[in-house]
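Q: following is a predicted model, sequence given first.
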Amino acid sequence: MQAFEAVARAGGVANAAAELGVSSGAISQQLHKIEESLDLRLFERGGKGLQLSAWGRLYLAEIGLAFAQLRQARQACGMHAPGAVWC
């Protein structure tokens, strides 16, 4: 879920990978696993890169608040390292 949220928020796989401190390939693999487990296409893939699908927008709306709260908790705990989620 973290990879999906980061790609959707950061605007692409490369940006999300840099933010999370992993390779673009790792992000792509996680996106594939998420889509497979949900049996839904969360992104439309085309010449303009990744665009959220209707399902992707719905999924982001559902998990986005939780990730925003996790980022706030990380800041409150003084954990400012990229990719750190838990205190």
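A: Everything's here; your move. Numbers count the residues shown, from 1 in each chain.
Q: what ranges in this structure fall below the confidence cut-off?
A: Scanning the chain with the threshold set as pLDDT under 70 gives 79-87.
Q: can you give me the helices for it?
A: Using DSSP state H, the helices of the chain run over 2-10, 13-20, 24-38, 54-76.
Q: mind checking which of these is nearest E44?
A: Closest to E44 of the helices of the chain is helix 54-76 (C-beta to C-beta; 8.1 Å). (Glycine included, C-beta is placed from N, CA and C.)
Q: and the helices of the chain: which comes nearest G47?
A: Taking these one by one with C-beta to C-beta, helix 13-20 is closest: 15.1 Å.
Q: ok, and what's touching that closest one?
A: Applying C-beta atoms under 8 Å, 6 or more residues apart in numbering, the contact partners of helix 13-20 are 2-3, 6-7, 9-10, 23-24, 26-28, 31, 50, 82-83.
Q: could you do stretch 51-61 as well?
A: Against stretch 51-61 from outside (C-beta under 8 Å, 6+ apart): F4, E5, A8, L38, L40, R41, L42, F43, E44.
Q: recalculate using a threshold of 10 Å.
A: 1, 4-5, 7-9, 31, 34-35, 38-45, 50, 67 (C-beta atoms under 10 Å, 6 or more residues apart in numbering).
Q: could I have the buried ones of the residues you listed as PyMOL selection syntax?
A: The PyMOL selection below is limited to those of the contacts of stretch 51-61 classed as buried (16 or more other C-beta atoms under 10 Å):
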select buried, resi 4+5+7+8+31+34+35+42+43+50+67
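Q: any idea how far the nearest residue to R41 once chain neighbours are set aside is from V7?
A: Closest residue to R41 apart from its sequence neighbours, by C-beta to C-beta, 6 or more residues apart in numbering: S53 at 5.1 Å. According to C-beta to C-beta, to the nearest Å, S53 and V7 sit 13 Å apart.
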